[in-house]
Every structure is written in structure tokens, then in C-alpha cells.
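1. Predicted model follows, preceded by the sequence.
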Amino acid sequence: MMLRSDKLLSRFGNIESDLESAKVRLGALPVDLVDQSVVFSLQDKISEILNELEELTYESVGPLQAEEDETQAKIEQMEAELFELRASLR
């Protein structure tokens, strides 16, 4: 089962991958046909966006993972209590 945090992390990862790919493709454009100052400017902007994305990922996924871990711990505790209750009926 994929948790919400895993799904969100995967989405952020896909966005990051697409941005990294765009950055590389920009650098591969023909030097004689494309104004390199524009290319460098776009690559810098993509780098800024990637940094913001990293921060957003941390701020979004971290708390969600903590919440999911807490919920999972409660589930495990309740399952143990249920096991004990069932055992007491035998």
C-alpha cells in the first residue's frame, strides 16, 4: 500500500526530474542558434525553482510522514490490544 506521503514524494520527484531534464536540454541547444545568455538565465531560474521545490517537498512531506508514522503506531497498538482481547475470550 502506497501512503499519501509516498505519492506526494513521487509527484515532487517527477517534477524535479522534468525540471532537471529541461535544464540539460537547454544546455544542449545549438550555441550558434540560441542566445546563450538567455539559456544561462533560464538555467539559473530552473535552479532557483529546484531549490524552492526541495524546500516545499521537505515542508510538505515531512509533517505528512510524521503523521502517518504516528497513525501507524496507533494501529499497531490497537491491533496488539485486539489480539489480547481475543486471546482473553479463549
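-> That came through fine.

2. any idea how far the residue of the chain positioned farthest from its centre is from Phe83?
-> Largest separation from the mean C-alpha position in the chain: Arg90, at 46.7 Å (Cα atoms, centre = their mean). Arg90 sits at a distance of 11 Å from Phe83 (criterion: Cβ to Cβ, to the nearest Å). Glycine gets a C-beta too; all of them are placed from N, C-alpha and C.

3. Repeat that for Val34.
-> 66 Å.

4. same deal with Glu54?
-> 42 Å.

5. Next: Gln36.
-> Gln36 is 67 Å from Phe83, by Cβ to Cβ.

6. repeat for Val61
-> 32 Å.

7. The helix or strand containing Gly13 - contacts with which helices or strands?
-> Counting by DSSP states H and E, the element that carries Gly13 is helix 4-27. Packing partners of helix 4-27 (3 or more Cβ pairs under 8 Å, 6 or more residues apart in numbering; DSSP states H and E): helix 36-88.

8. burial measure for Leu53, as a count.
-> Neighbourhood size, Leu53 [other Cβ atoms under 10 Å]: 15.

9. Touching, Ile49 and Asp18? I think so.
-> No - applying Cβ atoms under 8 Å as the test, Ile49 and Asp18 come out as separate, 10.8 Å apart.

10. Of Val61 and Phe83, which one has the most company?
-> Neighbours per residue, other Cβ under 10 Å: of Val61 and Phe83, the larger number sits with Val61, 18 against 10.
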